[in-house]
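Engineer: quick one, structure for this:
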Amino acid sequence: MPYSATMGTTQKRTPTGAAVLQPDVTAAITEAVLDELAETGYGKLSMEAVARRAGVGKSALYRRWPSKQEMVMAVLSDFSLELATVPDTGSLRADLDAVLRALLDWLTHPRFSRILPDLAAEGMRNADVAEAVRAAIGDPRRAIGAGVLRRAIDRGELPADTDFEMALDLLAAPVYWRLSVRRAPLEPGYLDHLADLVLRALQGGRP
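Structural biologist: Reported below is the predicted structural model:
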């Protein structure tokens, strides 16, 4: 029998049945999920419609997520957390400006600006969805914001006993209220003025 270079060696093989998740397929599914959410809303979104739009079989979705809810939350979490991340500018005032502008980009995104109202309404009807949104999006985004406040405390710009929950509400609520509830435009300089007001509030009125 002719000698083979592979004889006597152990060749590594991909385990039978192991899923190989192709990044380009995941990207196509992600885009399809965002498009379907923006066009039809959470309640009417189906795995079949997402697969059809992405040009894949439903099995490609189920290899990644066990359910529609987990798929949607994973996609929205990745999208939302990427837009929440801001650099350390070296000062609280500049950090606040960066956070507010990142928040504005998130809330005014062409697709997400249509997804958020529907998702909020769905959360009012379905406690499981509300909890999933909080766990996948709300809590992680607030954790990023808390990091901004901790940096300010470390720099001596905020007192150590700063109420993080109140501070994060104070930072995000005005922009959300104005855009998503009042549906009012942001005039030039709005974010700068808001950053100044939030800074004074957090520092207890100190200049």
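Engineer: where's the residue nearest the centre of the chain relative to residue 167, distance?
Structural biologist: Using C-alpha atoms, centre = their mean, the residue of the chain that lies closest to the mean C-alpha position is residue 80, 1.6 Å off. With the distance defined as C-beta to C-beta, to the nearest Å, residue 80 ends up 20 Å from residue 167. Glycine gets a C-beta too; all of them are placed from N, C-alpha and C.
Engineer: likewise for residue 73?
Structural biologist: Distance from residue 73 to residue 167, counting by C-beta to C-beta: 26 Å.
Engineer: show me what contacts residue 135?
Structural biologist: Residues touching residue 135, when contacts are defined by C-beta atoms under 8 Å, 6 or more residues apart in numbering, comprise residue 73.
Engineer: one step back: was I right about the residue nearest to the centre of the chain contacting residue 142?
Structural biologist: No. In this structure, residue 80 sits apart from residue 142 without contact. The criterion is C-beta atoms under 8 Å, and the distance is 11.4 Å.
Engineer: secondary structure element holding residue 60?
Structural biologist: Counting by DSSP states H and E, the element that carries residue 60 is helix 58-62.
Engineer: chain center to the helix or strand following that helix, what's the gap?
Structural biologist: Proceeding N to C from helix 58-62, the next assigned helix or strand is helix 68-84, under DSSP H and E. On the basis of C-alpha atoms, centre = their mean, to the nearest Å, the separation between the geometric centre of helix 68-84 and that of its chain is 5 Å.
Engineer: show me where pLDDT drops low in the chain?
Structural biologist: Low-confidence segments of the chain, defined by pLDDT under 70: 1-19, 205-207.
Engineer: and residue 202, how far from residue 167?
Structural biologist: Taking C-beta to C-beta as the criterion, residue 202 is separated from residue 167 by 6 Å.
Engineer: what's the distance between the nearest residue to residue 157 once chain neighbours are set aside and residue 176?
Structural biologist: What sits nearest to residue 157 in space, not counting adjacent residues and going by C-beta to C-beta, 6 or more residues apart in numbering, is residue 92, at 4.3 Å. Using C-beta to C-beta, residue 92 is found at 21 Å from residue 176.
Engineer: who's more crowded, the two?
Structural biologist: residue 92 (22 against 16; other C-beta atoms under 10 Å).
Engineer: who touches the more buried one in this structure?
Structural biologist: Contacts for residue 92 (C-beta under 8 Å, 6+ apart) come out as 148, 151, 152, 155, 157, 158, 199, 202.
Engineer: let's see the ChimeraX selection covering just the buried ones among those residues.
Structural biologist: In ChimeraX, this line selects whichever of the contacts of residue 92 come out buried by 16 or more other C-beta atoms under 10 Å:
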select :148,151,152,157,158,199,202
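Engineer: with distance to residue 183 added, can I get the contacts of residue 92 in TSV?
Structural biologist: Listed next are the contacts of residue 92 as TSV, based on distance: C-beta to C-beta, whole Å:
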residue	distance to residue 183
148	28
151	34
152	32
155	37
157	34
158	33
199	27
202	28
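Engineer: quick one: contacts for residue 195?
Structural biologist: Residues in contact with residue 195 (C-beta under 8 Å, 6+ apart) are 93, 96, 97, 100.
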